[in-house]
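>>> this one's structure only:
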């Protein structure tokens, strides 16, 4: 399905910042290695945490990088598998067995980024079958950002790296970094048969004086 931003509307803006972030590259199967900047899919997830309704979807247009890119590395204990709910219920009934995290633990390295801040510019795009004017949703989003309201705490790539948010105050300046970032995950294109299967779509990302300009998914697919 082709989704295009409505004409005649300035993009909505929200500032996101936090101490830690990790926007994991999908080609890294075991160790987590972050992209140097927030990905469009991560930005959309943060906006949906603040304001989401089934009548529309978010389309990211630009991500402005405000702070220098600073990497750091950590090693964490993680479990290799999770216990199913049915198995946990069986253990509760029988009083025996259980899940041992010590027997399903491994150490994994994470290369993440720290002290991040972004301004995300995006559009609210109502679904074609709806006649609701987007101005209604835009006003609701602005009010929620001013109040600090959210459906769930937005996060920066990993759920344990929570994000603060608010309206930009106008004093923010993008970093002067200009660089090619290589292939970056744009979004998942889901099958229309309702199966939930999604195909990842990538684009050639680059920073232009701290601004990541995000193409629309239909434009990437036609190249």
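Received it, and whenever you're ready, just let me know what you need. Everything numeric here is computed off the predicted structure, so don't read it as measured data.
>>> which residues touch the residue sitting nearest the centre point of the chain?
Centrality entry for the chain: nearest residue to the mean C-alpha point is residue 42, 1.1 Å, by C-alpha atoms, centre = their mean. Listed by C-beta atoms under 8 Å, 6 or more residues apart in numbering, the contact set of residue 42 reads 23, 156-157. From N, CA and C alone the C-beta is placed, and that goes for glycine too.
>>> farthest residue from the center of the protein?
Farthest-from-centroid check, the chain (C-alpha atoms, centre = their mean): residue 94, 41.3 Å.
>>> for the longest helix belonging to the chain, packing partners?
When the chain is parsed with DSSP state H, its longest helix is helix 134-147. Judged by 3 or more C-beta pairs under 8 Å, 6 or more residues apart in numbering; DSSP states H and E, the packing partners of helix 134-147 are strand 12-21, helix 40-50, strand 105-126, strand 164-166.
>>> would you mind finding the most buried of these?
Compared across these, helix 40-50 shows the largest average neighbour count, a mean of 22 (mean count of other C-beta atoms under 10 Å).
>>> next, the angle from it to strand 105-126.
Relative orientation of helix 40-50 and strand 105-126, computed by axes from the mean of the first three to the mean of the last three C-alpha atoms, to 10 degrees: 70 degrees.
>>> and the gap between residue 118 and residue 15?
Residue 118 is 7 Å from residue 15, where distance means C-beta to C-beta, to the nearest Å.
>>> go on, residue 135?
The spacing between residue 135 and residue 15, counted by C-beta to C-beta, is 22 Å.
>>> equivalent analysis for residue 175, please.
Counting by C-beta to C-beta, the separation of residue 175 from residue 15 is 14 Å.
>>> now stretch 21-36, how far from the centre of its chain.
13 Å (C-alpha atoms, centre = their mean, to the nearest Å).
>>> equivalent analysis for stretch 179-187, please.
With C-alpha atoms, centre = their mean, you get 14 Å for stretch 179-187.
>>> mind listing what's buried along it?
Across stretch 179-187, burial judged by 16 or more other C-beta atoms under 10 Å covers 184-187.
>>> ok, how many other residues are close to residue 11?
As a burial measure, residue 11 scores 14 neighbours (other C-beta atoms under 10 Å).
>>> how about it: what's its closest non-neighbour residue?
Computed as C-beta to C-beta, 6 or more residues apart in numbering, the closest residue to residue 11 that is not its neighbour in sequence is residue 121, at 3.9 Å.
>>> my guess is that neighbour contacts residue 9. True?
No - using C-beta atoms under 8 Å as the test, residue 121 is too far from residue 9 to be in contact (11.2 Å).
>>> residue ranges in the chain under the pLDDT threshold?
Applying pLDDT under 70 to the chain picks out residues 1-8, 29, 79-85, 87-88, 91, 95-105, 129-132, 221-223.
>>> can we see that at 80?
Residue ranges of the chain with pLDDT under 80: 1-8, 28-30, 76-107, 128-133, 190-198, 217-223.
>>> name all residues that make contact with residue 141.
Residues near residue 141 by C-beta under 8 Å, 6+ apart: 12, 50-51, 124.
>>> give me the beta-bridge partners of residue 20?
In this entry, residue 20 is beta-bridged to residue 114, by DSSP bridges.
>>> quick check, distance from stretch 137-147 to the centre of its chain.
Mean-position distance between stretch 137-147 and its chain equals 19 Å (C-alpha atoms, centre = their mean).
>>> for stretch 113-122, same thing?
11 Å.
>>> which residues touch it?
The contact list for stretch 113-122 (C-beta under 8 Å, 6+ apart) reads 11-23, 34, 36-38, 43-44, 46-47, 58-67, 69-72, 156, 168, 172.
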